[in-house]
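1. got a structure for you, letters missing:
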């Protein structure tokens, strides 16, 4: 039973090959850039895409379909990387992402483009989860913040550069180049991985080679159904309509099926120990709350900046993007804090500061100046950098190689799910406030379009401000929930394994 061997991730701590490790780090950063740029670079080209392909009524699935595919595939890839190694999963994911990019560039209508975006998302799930896992494999605990800070910087640069790059390509070339530009970047990353990432032979039990295909299929189906209900509910159809009720009921049935199948599987895709271990469960819940609160600034702040402050799209984007300046800096410096007070207390410090910044937003003067929300975003980015990185580094350090992929995937899955829940919940909150203030005049999107056309009164601007304020209060509650989880569920000292 125990004599079977197969490639797994190399012992990347072979310090005698620093050049090779540097090449692998470069590949990881390029791979992360592909995943990070994807949504932001596409968003600015939507008018050109719709003008060329049509399908305006369901173009939002360009983003929802990708998000669904990434989210539901994360647990599967995490388990596969623990069973068969990081390299084959990362190579397959990068190849699938590049194939999806090529197909997107060749799309002939909106339906085909959405289908190919889902293919891209299936590759993106492998990129996100496996890159974060390899980051922990590459460095021992003492040096791990270095690579995590680099990956945080990639996300920050992508958030700032993505809309601009997408706009330039759509305006001066063709929207199809938004997807074609992935091919050379991804090809370099793929070559570096194949050439420089070498994995030693590890002895694995025969049971570890079994793939829980039934569990994987059910996880895909369950996640897809529930996330579709959350993404489209209140947008494509009312919450209490037949489609919403049917999807939610089907999701509940599939959740029960997943639990039953996974409890009997020899090597389940989502093993029970992910939730039975106190540290991992606490980090999962805390990162889920992070995903929830991130919706407030990323989705609603640009609308607030343009509709209430009267800024143009570029200036509104700058107000949001300032948190990408403080987040990676704070993340890089967090190691000096958690080495003194521990992972949990550092994260508590960061999330408490984030809760205060979010709670302060509704008290900004109306209409106020742009520097005021920008300052709060700068503080929020610094606080969240102090929160997220210590938890990820800490939880990855509590497990061995054979469990690190599953653990990392569970953390990212919870954060992605939190963002989806936040988009649905806070969208309902904002629309509810607008309905009360404007007598049922419509949802946030329709009111914002009316404001942009000059047909809205001052009362409408105030209603939008109050709606966004309510969303930020909800985000502050999510931050408080994360604080409570860390206080009462997470251990004071993480059970870190010796490198």
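-> Good, I have the coordinates. What you see is a predicted model, and the numbers here were worked out from it, not measured in a lab.
2. now the residue most central in space within the chain: closest residue in space, sequence neighbours ignored.
-> Closest residue to the average C-alpha location of the chain: residue 416 at 4.7 Å, with Cα atoms, centre = their mean. In space, and not counting its chain neighbours, residue 416 is closest to residue 71: 4.3 Å by Cβ to Cβ, 6 or more residues apart in numbering. Yep, even glycine has a C-beta here, placed from its N, CA and C like the rest.
3. tally up the residues packed near the one you found, please.
-> A count of nearby residues for residue 71, using other Cβ atoms under 10 Å, gives 25.
4. same thing with residue 261?
-> 18.
5. quick one, longest helix in this protein?
-> Longest helix in the chain by number of residues (criterion: DSSP state H): helix 401-438.
6. mind checking how far it is from the chain centre?
-> For helix 401-438, the distance between its averaged C-alpha position and the chain's averaged C-alpha position is 9 Å (Cα atoms, centre = their mean, to the nearest Å).
7. next one: stretch 461-480
-> Between the centre of stretch 461-480 and the centre of its host chain there is 21 Å, according to Cα atoms, centre = their mean.
8. buried residues in it?
-> Within stretch 461-480, the residues scored as buried using 16 or more other Cβ atoms under 10 Å are 461, 463-472, 474-476, 478-480.
9. repeat that for stretch 382-399.
-> Of the residues in stretch 382-399, those buried (16+ other Cβ under 10 Å) are 382-399.
10. quick one: the strands in this protein?
-> 5-7, 201-203 (DSSP state E).
11. going by mean pLDDT, which of those strands comes out lowest?
-> Taking the average pLDDT of each of these, the minimum falls on strand 5-7, with a mean of 39.
12. ok, now which ones touch the residue nearest to the centre of the chain?
-> When the contact criterion is Cβ atoms under 8 Å, 6 or more residues apart in numbering, the partners of residue 416 are 67, 70, 71, 74, 291.
13. at 10 Å what do you get?
-> Residues counted as contacts of residue 416 (Cβ atoms under 10 Å, 6 or more residues apart in numbering) are 67-68, 70-72, 74, 125, 128, 223, 227, 287-288, 291.
14. ok, it to residue 260 distance?
-> When Cβ to Cβ, to the nearest Å is applied, the distance between residue 416 and residue 260 equals 24 Å.
15. swap in residue 75?
-> 17 Å.
16. so for the two, which sits in the more crowded spot?
-> Between residue 75 and residue 260, counting by other Cβ under 10 Å, residue 75 is the more crowded of the two (27 against 11).
17. so the more buried one sits against residue 82, correct?
-> No: assessed by Cβ atoms under 10 Å, residue 75 is found out of contact with residue 82, at 11.1 Å.
18. what residues are shared contacts of those two?
-> With Cβ under 10 Å, 6+ apart, residue 75 and residue 82 have common neighbours 271, 405, 406, 409.
19. quick one, what contacts the last one?
-> By Cβ under 10 Å, 6+ apart, residue 409 lies in contact with 73-82, 125-126, 128-130, 132-133, 269-270, 274.
20. give me the neighbour count for the closest residue to it other than its chain neighbours.
-> Of all residues not flanking residue 409 in the chain, residue 78 sits nearest, at 2.5 Å (Cβ to Cβ, 6+ apart). The burial count assigned to residue 78 is 31, neighbours taken as other Cβ under 10 Å.
21. from what I can see residue 78 touches residue 412, true?
-> Yes: Residue 78 lies in contact with residue 412 (Cβ under 10 Å); the separation is 8.2 Å.
22. shared neighbours, these two?
-> With Cβ under 10 Å, 6+ apart applied, the overlap between the contact sets of residue 78 and residue 412 consists of 125, 129, 132, 133.
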